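Q: For reference, the sequence and a predicted model appear below.
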Amino acid sequence: MTIVGLNFGPESTGIAPYTGGLARELASRSWRVRVLSGFPHYPQWRFAERHPPRSRISVEDGVMVVRRRHRLPSKPGGVARALSELSFGVAAICTRFAKPDVVVLVSPALISSAAALVKARLVTRRPVVVWVQDLYTLGLRELGVGRPGLSSRLIGAIEKWTLRSADAVVVIHERFRDTVVEELGVRPASVEVVRNWSHLDDDWQVDRDASRAALGWDSSEFVVLHAGNMGVKQGLENVVDAARLAAATGSRVRFVLLGDGNQRSTLAELAAGVANVEMIASLPDDEFRDALASADALLVNERAGVAGMAVPSKLTSYFSTGLPVIAATDPGSVTESEVLLAGAGPVVPAGDPQALLDAAVALAGDAQRARAMGASGRRFRTERLTAAASFDTFAQLLETLARGRRSTATRESGTA
């Protein structure tokens, strides 16, 4: 099989761990897996190596990985982001798919997925699965990007055509299934829900005292950590404002923003001189796990208006830690439903820094409640977000499509 996805390891945040996890698992089940991807660049939006070659082929954990260099915008978003995806789409079209039984297209990136779908239909003529991690149509609407009738309608048309044209659509949440069926007109029978799984080890051990000392976190502080992308939809200005309130009142709550993204420099300017906020660049996997486990609470913060465009991938990792999760998000959002369903922590309105600070202070003052919420999140992860269940569902879908293709090929060739 061939997987086409712009993001792949060693990127450790976003959707890359899921694309890589599926590829490695299928390879371990004796599938011949070929991944067509870009060079590592997320969430920093710059290539990990200064001058990557035009292409590179390697074998990683039994998976053949074909990397193609693509246009990389200095400030992703809008036209620059679209051109970046288009450049990878052109590279995908120009790259041999090697006659797979099934082609899996990962969206984002939508435009490159659409381009690869055209090739799969016209050239390889293989069954196609589109794996939807984010919904562009909702994203444009919720973030207020583009004017109706121009970019929004164009992207909406591309997304609708891509999903309707696929043999199967895999979505990561039940709410996504409702959206692609009811708003985008995808046939219900072709939609499969496969939850993202936690890609952190269950038995990860950390010396919290040593780790906190190395990070410069005092034992008397209550550390609230936001890990991952620092983009527009995260609305992290809210966190800086909450830290400013904490500093003004002498609170021992420390807010930590760990990661990178296109809003990092803006946030650094806003946070200058605010004692109760800290920014840490992206860390290697082991150090990242240590930092997560050493916090007192974990935070998912969303910009006001973001409700259904994405399921924060960080939640699967957060729930593995056994720490409480604070969600600053709109009422009725997918994030709110996930955190409340897991019983993992308090939910406060998006864009309300005082409410965010109050939630942190309340957890700091009630250790028993914080532990109970953390334990509930971990149970939810164990019962609902296991890798094995997701892999089995995905593999069964792919096998069904592959068998159908083989049967069709046999009939067309006239053999028994």
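A: Nice, I can see it.
Q: mind checking how far G156 is from L135?
A: 10 Å (Cβ to Cβ, to the nearest Å). C-betas here are computed from N, CA, C, even on glycine.
Q: More neighbours: the two, which one.
A: Neighbour totals were compared for G156 and L135, and L135 leads with 27 against 19 (other Cβ atoms under 10 Å).
Q: need the strands for this protein, in chain order.
A: Along the chain, counting by DSSP state E, strands occupy 2-4, 34-37, 55-60, 63-68, 103-107, 128-132, 168-171, 191-193, 222-227, 253-258, 277-280, 297-301, 325-328, 347-348.
Q: okay, the ones you listed in JSON lines with mean neighbour count, distance to P312 and mean pLDDT next?
A: As requested, the strands of the chain are arranged in JSON lines below (neighbours: other Cβ atoms under 10 Å; distance: least, Cβ to Cβ, whole Å; pLDDT from 0 to 100):
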{"stretch": "strand 2-4", "mean neighbour count": "28", "distance to P312": "23", "mean pLDDT": "96"}
{"stretch": "strand 34-37", "mean neighbour count": "25", "distance to P312": "22", "mean pLDDT": "96"}
{"stretch": "strand 55-60", "mean neighbour count": "11", "distance to P312": "27", "mean pLDDT": "95"}
{"stretch": "strand 63-68", "mean neighbour count": "20", "distance to P312": "26", "mean pLDDT": "96"}
{"stretch": "strand 103-107", "mean neighbour count": "27", "distance to P312": "17", "mean pLDDT": "96"}
{"stretch": "strand 128-132", "mean neighbour count": "26", "distance to P312": "15", "mean pLDDT": "96"}
{"stretch": "strand 168-171", "mean neighbour count": "24", "distance to P312": "15", "mean pLDDT": "96"}
{"stretch": "strand 191-193", "mean neighbour count": "17", "distance to P312": "17", "mean pLDDT": "96"}
{"stretch": "strand 222-227", "mean neighbour count": "24", "distance to P312": "10", "mean pLDDT": "97"}
{"stretch": "strand 253-258", "mean neighbour count": "26", "distance to P312": "14", "mean pLDDT": "98"}
{"stretch": "strand 277-280", "mean neighbour count": "20", "distance to P312": "19", "mean pLDDT": "96"}
{"stretch": "strand 297-301", "mean neighbour count": "26", "distance to P312": "5", "mean pLDDT": "97"}
{"stretch": "strand 325-328", "mean neighbour count": "27", "distance to P312": "9", "mean pLDDT": "98"}
{"stretch": "strand 347-348", "mean neighbour count": "23", "distance to P312": "13", "mean pLDDT": "98"}
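Q: Format the ones you listed as CSV; extra columns: distance to N238.
A: Converted to CSV, these look like this (distance: least, Cβ to Cβ, whole Å):
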stretch, distance to N238
strand 2-4, 35
strand 34-37, 33
strand 55-60, 38
strand 63-68, 36
strand 103-107, 28
strand 128-132, 27
strand 168-171, 28
strand 191-193, 30
strand 222-227, 10
strand 253-258, 10
strand 277-280, 11
strand 297-301, 6
strand 325-328, 6
strand 347-348, 10
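Q: Of all the ones you listed, which one comes closest to A214?
A: The closest of the strands of the chain to A214 is strand 277-280. By Cβ to Cβ, the value is 11.5 Å.
Q: for the closest one, the distance to its chain's centre please.
A: 22 Å (Cα atoms, centre = their mean, to the nearest Å).
Q: again with stretch 225-233
A: Centroid displacement of stretch 225-233 relative to its chain, using Cα atoms, centre = their mean, is 11 Å.
Q: now do the same end-to-end measure for it.
A: End-to-end distance for stretch 225-233: 17 Å, by Cα to Cα, to the nearest Å.
Q: So what touches that stretch?
A: 13-14, 42-43, 77, 139, 142-143, 234, 236, 239, 255-264, 267, 288, 291-292, 295, 297-303, 306, 309-310, 312-314, 317 (Cβ atoms under 8 Å, 6 or more residues apart in numbering).
Q: residues contacting G345?
A: Counted by Cβ under 8 Å, 6+ apart, G345 has contacts A297, P324, V325, I326, A327, V339, L363, M373, G374, G377.
Q: Kindly provide the distance from the residue lying closest to I111 once chain neighbours are set aside to A116.
A: Of all residues not flanking I111 in the chain, E85 sits nearest, at 3.8 Å (Cβ to Cβ, 6 or more residues apart in numbering). Counting by Cβ to Cβ, the separation of E85 from A116 is 11 Å.
Q: between the two, which one's more packed in?
A: With neighbours defined as other Cβ under 10 Å, E85 and A116 compare such that A116 has more, 30 against 24.
Q: Report pLDDT for the more buried one.
A: Looking at A116, its pLDDT is 94.
Q: for A281, same thing?
A: Here, the pLDDT recorded for A281 equals 91.
Q: quick one: contacts for it?
A: Contact analysis of A281 by Cβ under 8 Å, 6+ apart lists G259, D260.
Q: I'd say G377 and G343 touch.
A: Yes - with contact defined as Cβ atoms under 8 Å, G377 and G343 form a contacting pair (7.1 Å).
Q: These two: which is more packed in?
A: A count of neighbours by other Cβ under 10 Å puts G377 above the other of G377 and G343, at 27 against 16.
Q: wait, isn't the residue nearest to I111 in contact with L110?
A: Yes - taking Cβ under 8 Å as the definition, E85 is a contact partner of L110 at 6.7 Å.
Q: Might you report the residue contacts of R29?
A: Contacts for R29 (Cβ under 8 Å, 6+ apart) come out as A395.
Q: one more time with 6 Å, if that's ok
A: If you count contacts by Cβ atoms under 6 Å, 6 or more residues apart in numbering, R29 has none.
Q: quick one: it from A388, how far?
A: From R29 across to A388, the span is 12 Å (Cβ to Cβ).
Q: what residue ranges in the stretch 201-350 of the chain score low on pLDDT?
A: Low-confidence segments of the stretch 201-350 of the chain (pLDDT under 70): 201-203, 307-310.
Q: try it again with 50
A: Within the stretch 201-350 of the chain, no stretch has pLDDT under 50.
Q: which non-adjacent residue is nearest R71?
A: Nearest non-adjacent residue to R71, counting by Cβ to Cβ, 6+ apart: S87, 3.8 Å away.
Q: Just give me the neighbour total for the one you found.
A: The burial count for S87: 19, using other Cβ under 10 Å.
Q: so it touches H70, yeah?
A: Yes - using Cβ atoms under 6 Å, S87 makes contact with H70 at a distance of 4.4 Å.
Q: what about stretch 311-323, how long is it end to end?
A: End-to-end for stretch 311-323, by Cα to Cα: 19 Å.
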